[in-house]
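> Here's my sequence, what's the structure:
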Amino acid sequence: MAAIRSALKCYNAAAATLKPARPSLSWDEVVEYAFLSDFDLLCDCREDIREQEWARPAARLAMDRYFKMERAHEEIQRLNIEIQRVLTHMHDEEIFLRAKEEELRSIDPVIAHQVFLYREERTRYNCQHRQRFKKLAADSHFTGSLAIGVPLDDSLRKDLPASMDVDVDDSGQDSDEENEEDWVQEMAEAMQTLFIQGD
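Numbering: from 1, shown residues only. The predicted structure is shown next:
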């Protein structure tokens, strides 16, 4: 009890010196409080941050815009790196899968056709991605590069024919569509061969 009375006396003395002065508490009021939330002194002891400059709506809006612009410059630098990484990955993956198709075509046409289907699925939207990157690069504020990079891991480029490359034009997949009927014919012949061997 003595400790509470001493704390109350210190609070009342401090409350009187504040500007504006905070209301004092009597012993009877303190005894009647059942919960800490009933103590207004807990609210009065803290500084009212609503009066700070940075708490005003206009100041907060200005700060938000400033930090967004600062982060935007960092994001542009990051995207310049990521765009080149995406283009390099698309390029290398297409070359790698085309090379494996050619390698397997004479050995196992069935597996080669599965590689073809996998490549079709994996590269289906590459032309659209390249179109969007070209459109972005046409903007006068674009600071990146659409050049194909050099990967740290060159396993996708290892042992590939030097003449094999990926057409980065919008019509890059036209030749695949034209050859699809030939693939279906080869697939049918390979399946027929499997059935005959099974008998």
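> What is the burial count for F133?
19 (other CB atoms under 10 Å). Backbone N, C-alpha and C define where each C-beta goes, glycine included.
> Setting aside sequence neighbours, what's the nearest residue to it?
L146 (5.7 Å; CB to CB, 6 or more residues apart in numbering).
> pLDDT at the one you found, what is it?
pLDDT, L146: 92.
> Which SSE is immediately downstream of the longest helix anywhere in the chain?
Counting residues, the longest helix in the chain under DSSP state H turns out to be helix 57-105. Downstream of helix 57-105, the next assigned helix or strand under DSSP states H and E is helix 109-122.
> Buried residues, that following helix. List them.
Buried positions in helix 109-122, judged by neighbour count with 16 or more other CB atoms under 10 Å: 109, 112-113, 115-116, 119.
> on that earlier part again, pretty sure the residue nearest to F133 is in contact with K135, am I right?
No - with contact defined as CB atoms under 8 Å, L146 does not count as touching K135 (10.9 Å).
> measure the nearest residue to L79 once chain neighbours are set aside to C127 for me?
Residue nearest to L79 in three dimensions, not counting chain neighbours: G144, with 7.0 Å by CB to CB, 6+ apart. With distances taken as CB to CB, to the nearest Å, G144 is found 20 Å from C127.
> By mean pLDDT, which helix or strand of this structure comes out lowest?
The weakest-scoring helix or strand in the chain, judged by mean pLDDT, DSSP states H and E, is helix 41-44 (a mean of 50).
> that older thread, assign the residue nearest to F133 to one of the three secondary structure states.
coil (DSSP: H, G, I helix; E, B strand; the rest coil).
> Just give the number of residues close to it.
L146 has 14 neighbours, counted by other CB under 10 Å.
> Just want the phi and psi numbers for it.
phi -100, psi 10 (degrees, to the nearest 10).
> Please report how far it lies from R85.
For L146 relative to R85 (CB to CB), the value is 12 Å.
> Name the nearest residue to R119, sequence neighbours excluded.
L97 (3.9 Å).
> The one you found touches E120, doesn't it?
No - using CB under 8 Å, L97 makes no contact with E120, being 9.3 Å away.
> what's P20 in contact with, if anything?
Contact analysis of P20 by CB atoms under 8 Å, 6 or more residues apart in numbering lists nothing.
> Assign it to helix, strand or coil.
coil.
> Make 34 the starting number, not 1.
Sure, I'll start counting at 34 from here, so that last one is P53.
> re earlier: model confidence at the residue nearest to R152, what's the number?
90.
> cool, and L137?
pLDDT, L137: 91.
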